[in-house]
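> Dropping a prediction and its sequence here:
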Amino acid sequence: MLRKFFAPLTVAFAGIWGCSWPSSAPTPPVVLAQLSDAGQHPQAEALTLKGVPRIEWVGEHKWGYHKPNGKKREPLFVMWVVPLQEEGQDPSSVVHVWVRNASTNDAGGTSEDWLSSLQEGFGTSAQTLKVISRPDDADSGWRKAIQDAEQRHGVRSAPSATVVLWPPEN
């Protein structure tokens, strides 16, 4: 009687153990020919891309305020975003890729250090950057930072714009 019960389970488990498990290796980055192609790869974990960071159009979002001296409110976290455009692209073009600072725990830091690193890093070589944007991130800090850039600088973002992290992960 027990053989009748356990025989199908043995076959099922043998089949499972005989199969290969999905690989935990990271998926290779998607190489973009143009920044406008970023929206065609919503499942990409990383993108390899070239572009010009428009650091003059930086947007920011601060949160987690506290009063260390009992008087002035200071943010605990800050997020900066910068639109990325093709070389020679019309500045009024819709932005398809935004670059965001990788660490938000740097409210005491300045955006100038991050912006100069971003500007130097993009130069002429392609960069491979982690993608962080997801459709369900409607109320995220980077969306609020993008809205800040749009309001302050008149920049227009594509509805499905991709957000990547700077600096690159090693």
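Arrived safely. Numbering: from 1, shown residues only.
> Distance-wise, check residue 157 relative to residue 167.
Applying Cβ to Cβ, to the nearest Å, one obtains 22 Å for the distance of residue 157 from residue 167. The way it works is simple: take the backbone N, C-alpha and C, and place the C-beta from them, glycine included.
> can you check residue 39 too?
When Cβ to Cβ is applied, the distance between residue 39 and residue 167 equals 24 Å.
> circling back to that earlier point, who has more neighbours, residue 157 and residue 167?
Shown here are residue 157 and residue 167; by other Cβ atoms under 10 Å, residue 157 has more neighbours (20 against 15).
> What's opposite that one in the beta bridge?
Note on residue 157: beta-bridge partners by DSSP bridges are residue 95.
> what's near enough to touch it?
When the contact criterion is Cβ atoms under 8 Å, 6 or more residues apart in numbering, the partners of residue 157 are 83, 94-95, 98, 146, 149-150.
> Buried only: go through those for me.
83, 95, 98, 146, 149-150 (16 or more other Cβ atoms under 10 Å).
> Widest-spaced pair of those?
Within those, two members stand farthest from each other by Cβ to Cβ: 98 and 150, at 10.6 Å.
> Quick check: phi and psi on the closest residue to residue 29 other than its chain neighbours?
Counting by Cβ to Cβ, 6 or more residues apart in numbering, residue 46 is the residue found nearest to residue 29 once chain neighbours are left out, at 3.7 Å. Torsion angles at residue 46 (phi, psi; degrees, to the nearest 10) stand at phi -150, psi 150.
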